[in-house]
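Participant: here's my sequence, what's the structure:
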Amino acid sequence: MHKSEFIERVTGLPWADRACTFEAMDCWGLVVLYYRHVLGIEIHHTEDYESGRDFMTCFEEEVIFWDDAEIFRDGGIFIAYYGAQPVHVGLMVDGMALHSRGECGHVRADSIRTIKKLFTRVEFKTYAGHSDSARTGAA
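Facilitator: Numbering: from 1, shown residues only. Below you'll find the predicted structure:
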């Protein structure tokens, strides 16, 4: 699937907690579907994610597979925080933040400037795969 087809297909779809389908998705589900269908990469996906584990547990088990990036890159992700707590993730595509946000929300594209205004801190990451250095945090 081409990136533009993916964006068209998911924009406006409803947010649903722990969902990872083309009917509904949460923020992490959007990332998983993009990597699977656009990039052809099956990224690490926490076992039992859809069964309702809390965001922090999933985040802590997934973030080790991503490298820090100083600026946003196409196909990378952003992680948004309230204070010191990570609370949201989304994709960086075509210079925009594509994300599925919150209860009663939906998939939408916003400028990264908007994301930075909504949250207290935003980090950017690129996928590092399943290497041992990514798993252990070693450089």
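
Participant: check what contacts the longest helix along the chain and list those residues.
Facilitator: If you go by DSSP state H, the chain has its longest helix at helix 27-37. The contact list for helix 27-37 (C-beta atoms under 8 Å, 6 or more residues apart in numbering) reads 1, 6, 10, 15, 18-22, 25, 41-43, 45, 49, 58, 62, 75, 77, 88-91, 93, 98-101, 107, 127. C-beta here means a position set from N, CA and C on the backbone, and glycine is covered the same way.

Participant: drop anything exposed from those residues.
Facilitator: Buried members of the contacts of helix 27-37, counted by 16 or more other C-beta atoms under 10 Å: 6, 10, 15, 18-20, 25, 43, 45, 49, 58, 62, 75, 77, 88-91, 93, 98-101, 107, 127.

Participant: CA atoms of stretch 118-132 as PDB?
Facilitator: Taking Å, rounded to 0.1, in the frame of the first residue of the first chain, the C-alpha atoms of stretch 118-132 are listed here in PDB:
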ATOM      1  CA  LEU A 118      -1.100  20.300  23.100                       C
ATOM      2  CA  PHE A 119       1.600  18.500  25.100                       C
ATOM      3  CA  THR A 120       4.300  19.600  27.500                       C
ATOM      4  CA  ARG A 121       7.100  17.800  25.600                       C
ATOM      5  CA  VAL A 122       7.500  16.000  22.300                       C
ATOM      6  CA  GLU A 123      10.300  13.600  21.400                       C
ATOM      7  CA  PHE A 124      11.000  12.100  17.900                       C
ATOM      8  CA  LYS A 125      12.200   8.500  17.300                       C
ATOM      9  CA  THR A 126      13.100   6.300  14.300                       C
ATOM     10  CA  TYR A 127      12.600   2.600  14.200                       C
ATOM     11  CA  ALA A 128      15.800   0.600  15.200                       C
ATOM     12  CA  GLY A 129      14.400  -2.900  14.700                       C
ATOM     13  CA  HIS A 130      15.200  -5.900  16.800                       C
ATOM     14  CA  SER A 131      18.900  -5.500  17.300                       C
ATOM     15  CA  ASP A 132      20.500  -6.400  20.600                       C
END
